[in-house]
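> coordinates only, no sequence provided:
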């Protein structure tokens, strides 16, 4: 209680000095200076306890509280008089509580000091988390969404005077698991190497004089990981005389894992102890094998049966594109090269770049860029050898441009009447291009001779992610897609270029969106996969008969798919590749029109969806880009042969 007295004496001295000088009675020119009285209910408390600050002031209009060290419950504006209970945040030491008050006559302050004594030293950790043999002890998230992991368990304490030192005692019946250590800071970490239940006696020492210690008996259980379990469902199908490399996967177990195989491996393939099936198969067929994996603790998964299928054809990795792409276009030019244009790049941005694949050299080379970045656009080879590119974009555009293979450049051409994306473009027998849908029910025709678009008859409904197939009759079958309300459509209609109108035809057996439509050599159109009425990828397929004007069911695919590709091969079969179901897939299959069935063929070297597939002049199929399992665009390509 001495400090308020000192402040009062100081104020008396100041008043006397002013009076002797004959000047003003206060700095405020007549106003009395403020006074502050601040007192504490206790001068010494234990850590965690509370005490009460009481204060009063005169001639003050505002007061501000602060503390050293900073205390969260004593800061900022305060009333000019009052009391408040505070709990020091420090574990030990001295806290100075200050109150500064101001008024018309100046300012004054009061200080109250408090000694905080450390509480009794205690170990508050009551139990230890269990560990797993061979794995770093106690992984836990350090950042939101586990962007960073931290390892080790921090023992907790209360009371005492820092610094503190932790240690463990090799008392009777006490031991640390082999591979774990306790740091002087109380962090228990490492990699346990032997399972069991361990009694760990830990000691905590502080810096009081004499030193105070606390001891705790803690139990730590280390168990072996579960036996390994094989997670591979089916090895991929591959083509004969093509490189094969597949790694079987397992979860659980203590690394390193050791794999073994029994059975009939395809000729040319070998199976390694690391679970890799590789080589070049030299014979077609289905080959049954039995695979087992064992961990470092000799825990076994048990045998699991697989069939390795080698087909007549398959995919082989080809050159990389200069740019990663998905939702792009790939067009076979008259000179045999393939124009690959636009799409979403590896950053998810729309690209204006383009490149050419040369089948003779097996390489990609950059060519001129488009005038507008695009994805989900169309690219149509015209009879004059140029390529018409229309629409596309996250924000649909109505722009169009032409690629000239002789100059390797894009130039703008007429503008469509409607902005479109995920629409269709179909080359008609008269050389014009029919543009349909893309978020609208309108359609228009591009005339290469004038470079202009003209409106034609409207479709019966708005469509996007639909298909348009030129039939042998010259009519165009427009089928499925999403309607204006976002629901899948099972309706179909026919465009007649003579009348420029659409007419309804029979409905499909089910809705198809983001599907494929392929004109078969016999004149029928194969509709395969896509999202069904439930919004899920489907495996169903159906055939449109132009003569009967009806759809009929055919065999189903082995895998549900959307955003896949369908390519008519020279032998009349249709290659279905990749796509998206619950995951992006690499599987491929062939549709045989003579049997109406799908059979598996060699898988792509990478999973792909929203990719492009182009039949080359040498009868091989170039597959480019697409999204991977993470949704990221790829620059890789494959050749089916």
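Now that the structure is in, tell me what you want to look at. Since this is a predicted model, take the numbers as computed values, not measurements.

> which residues of the stretch 501-641 of the chain fall in strands?
Under the criterion DSSP state E, counting those that start in this stretch, strands of the stretch 501-641 of the chain are mapped to 501-504, 516-519, 525-528, 541-545, 550-553, 565-568, 574-577, 588-592, 597-601, 612-615, 621-624, 637-640.

> nearest to residue 287, out of these?
Residue 287 lies closest, by CB to CB, to one member of the strands of the stretch 501-641 of the chain: strand 597-601, at 13.8 Å. From N, CA and C alone the C-beta is placed, and that goes for glycine too.

> give the buried residues for the closest one.
Across strand 597-601, burial judged by 16 or more other CB atoms under 10 Å covers 598, 600, 601.

> contacting residues around the residue nearest to the second one when sequence neighbours are not counted?
Right, residue 600. Leaving out its chain neighbours, the residue that sits closest to residue 600 by CB to CB, 6 or more residues apart in numbering is residue 237, at 4.7 Å. By CB atoms under 8 Å, 6 or more residues apart in numbering, the residues touching residue 237 are 309, 310, 311, 314, 587, 588, 600, 601, 602, 603.

> for the stretch 101-250 of the chain, give me the ranges with low pLDDT.
Counting by pLDDT under 70, the low-confidence segments of the stretch 101-250 of the chain come to 143-145.

> go again using 80 as the cut-off
Where the stretch 101-250 of the chain drops to pLDDT under 80, the residues are 142-148, 173.

> got the buried residues of strand 597-601 as a markdown table, with pLDDT columns?
Output for the buried residues of strand 597-601, formatted as a markdown table (pLDDT from 0 to 100):
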| residue | pLDDT |
| --- | --- |
| 598 | 98 |
| 600 | 95 |
| 601 | 97 |
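
> what is the nearest of those to residue 101?
residue 600 (86.3 Å).

> is that closest one in a bridge, and if so with what?
For residue 600, the beta-bridge partners are residue 589 (DSSP bridges).

> that one touches residue 585, doesn't it?
No. Using CB atoms under 8 Å, residue 600 is not in contact with residue 585, being 11.9 Å away.

> re earlier: make JSON lines out of the buried residues of strand 597-601 and add distance to residue 218.
JSON lines is the format used below for these (distance: CB to CB, whole Å):
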{"residue": "598", "distance to residue 218": "61"}
{"residue": "600", "distance to residue 218": "57"}
{"residue": "601", "distance to residue 218": "60"}
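
> for this protein, give me the ranges with low pLDDT.
The chain contains residues with pLDDT under 80 at 1-29, 48, 91, 142-148, 173.

> overlap in contacts, residue 600 and residue 585.
With CB under 8 Å, 6+ apart applied, the contact sets of residue 600 and residue 585 do not overlap.

> from residue 525, how far out is the residue nearest to residue 600?
In this view, residue 237 and residue 525 are 27 Å apart by CB to CB, to the nearest Å.

> can you check residue 222 too?
64 Å.

> the protein: helices as residue ranges?
Applying DSSP state H to the chain gives helices spanning 2-21.

> domain-wise, how is it divided?
Per automatic domain parsing, the structural domains of the chain span 2-117, 122-223, 244-311, 321-454, 459-603.

> rewinding a little: which one of the strands of the stretch 501-641 of the chain lies closest to residue 253?
The closest of those to residue 253 is strand 597-601. By CB to CB, the value is 30.7 Å.

> picking that back up, so which of the domains of the chain comes closest to residue 633?
domain 321-454 (4.0 Å).

> coming back round to it: from the buried residues of strand 597-601, which is closest to residue 170?
Nearest member of those to residue 170, counting by CB to CB, is residue 600, at 62.7 Å.

> ok, now which ones touch the closest one?
Residues near residue 600 by CB under 8 Å, 6+ apart: 237, 309, 311, 558, 587, 588, 589, 590.

> swap in 10 Å and give it another go.
234, 236-237, 286, 309, 311, 557-559, 587-590 (CB atoms under 10 Å, 6 or more residues apart in numbering).

> distance of the closest residue to residue 194 other than its chain neighbours relative to residue 347?
Closest residue to residue 194 apart from its sequence neighbours, by CB to CB, 6+ apart: residue 178 at 5.0 Å. From residue 178 over to residue 347 the distance is 48 Å, taken as CB to CB.

> compare neighbour counts for these two and give me the winner.
More crowded of residue 178 and residue 347, by other CB atoms under 10 Å: residue 178, with 14 against 9.

> distance from stretch 224-242 to the middle of the chain?
Stretch 224-242 has its C-alpha centroid displaced from the chain centroid by 24 Å (CA atoms, centre = their mean, to the nearest Å).

> picking up where we left off before, isn't the residue nearest to residue 194 up against residue 134?
No. With contacts defined as CB atoms under 10 Å, residue 178 does not count as touching residue 134, sitting 11.4 Å away.

> overlap in contacts, those two.
If you check residue 178 and residue 134 against CB under 10 Å, 6+ apart, the residues they both contact are 191, 192, 193, 194, 222.

> ok, now which ones touch the first one?
To tie it back to what came earlier, the one meant is residue 191. Contact partners of residue 191, counting by CB under 10 Å, 6+ apart, are 131, 132, 133, 134, 135, 136, 137, 151, 177, 178, 179, 180.

> next one: the last one
Taking CB under 10 Å, 6+ apart, we find residue 222 in contact with 130-135, 137, 177-180, 192-198.

> kindly recompute the last result at 7 Å.
Shown in contact with residue 222 (CB atoms under 7 Å, 6 or more residues apart in numbering): 130, 131, 133, 177, 192, 194, 195, 196, 198.

> for it, name its beta-bridge partners.
Per DSSP bridges, the residues bridged to residue 222 are residue 131, residue 196.

> measure it to residue 180 for me?
From residue 222 over to residue 180 the distance is 8 Å, taken as CB to CB.

> likewise the second one?
Here the criterion is CB to CB. By it, residue 192 lies 6 Å from residue 180.

> pull up the overlap in contacts between the two.
residue 137.

> give the burial count for the residue lying closest to residue 159 once chain neighbours are set aside, as a bare number.
In space, and not counting its chain neighbours, residue 159 is closest to residue 119: 3.6 Å by CB to CB, 6+ apart. Residue 119 sits with 16 neighbouring residues when counted by other CB under 10 Å.

> do I have it right that residue 112 meets residue 38?
Yes. Taking contacts as CB atoms under 7 Å, residue 112 lies within contact range of residue 38: 5.0 Å.

> name the residues contacting each of these two.
Contacts common to residue 112 and residue 38, judged by CB under 7 Å, 6+ apart, are residue 53.

> still on that earlier bit, farthest-separated two in the contacts of residue 237?
The largest separation in those, counting by CB to CB, is between 310 and 587 at 14.6 Å.

> quick one on the thing from earlier: for the shared contacts of residue 178 and residue 134, give me JSON lines that also has distance to residue 551.
Converted to JSON lines, the shared contacts of residue 178 and residue 134 look like this (distance: CB to CB, whole Å):
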{"residue": "191", "distance to residue 551": "62"}
{"residue": "192", "distance to residue 551": "64"}
{"residue": "193", "distance to residue 551": "65"}
{"residue": "194", "distance to residue 551": "67"}
{"residue": "222", "distance to residue 551": "63"}
